[in-house]
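**Q** Give me a 3D structure for the following:
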Amino acid sequence: MKIDYQRAVQLRIPRMEAEPDRHYRPTVFICDEFQNFATVGGDNPVGDERFFSISRQPKCIPIVASQERQFLEGRNCPTRVSRR
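**A** Take a look at the predicted model:
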């Protein structure tokens with residue numbers, strides 16, 4: 001389900017570029033216990049690091065929560081990990 005959502009959000013990019021005058025609403029990705037769903041793609045374009053690096057372009061706002069901070073740091077997540 002997560003990968004399908006990420007794919008749908010990424011497909012917005014060419015549409016938004018083709019219609020720059022059209023208004024596109026933001027979309028929000030909210031995930032609790034993210035350590036259970038996190039994927040690392042490396043060279044494969046389906047990893048979360050790739051999605052999060054381009055998520056602003058299609059107006060996606062990602063919000064993830066995890067109790068496993070060390071796990072996320074070990075996965076080399078590109079985003080800043082908050083201590084809150």
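**Q** On the three-state scheme, residue 63 is what?
**A** strand (DSSP: H, G, I helix; E, B strand; the rest coil).
**Q** burial measure for it, as a count.
**A** 10 (other CB atoms under 10 Å). From N, CA and C alone the C-beta is placed, and that goes for glycine too.
**Q** separation between it and residue 12?
**A** 18 Å (CB to CB, to the nearest Å).
**Q** Off-centre distance for stretch 55-70?
**A** 6 Å (CA atoms, centre = their mean, to the nearest Å).
**Q** Can you verify my assumption that residue 63 contacts residue 28?
**A** Yes - with contact defined as CB atoms under 8 Å, residue 63 counts as touching residue 28 (6.7 Å).
**Q** roughly how far is stretch 5-21 from the heart of the chain?
**A** On CA atoms, centre = their mean, the centre of stretch 5-21 falls 14 Å from the chain's centre.
**Q** swap that for stretch 36-56, sorry
**A** Centre to centre, stretch against its chain (CA atoms, centre = their mean), the figure for stretch 36-56 is 7 Å.
**Q** buried stuff in it?
**A** 38, 47, 48, 49, 50, 51, 52, 55 (16 or more other CB atoms under 10 Å).
**Q** which residue packs closest to the second one, ignoring adjacent ones?
**A** The shortest distance from residue 47 to any residue other than its chain neighbours is 2.2 Å, reached at residue 41 (CB to CB, 6 or more residues apart in numbering).
**Q** Which residue ranges of this protein form helices?
**A** Using DSSP state H, the helices assigned to the chain run over residues 2-18, 48-54, 69-74.
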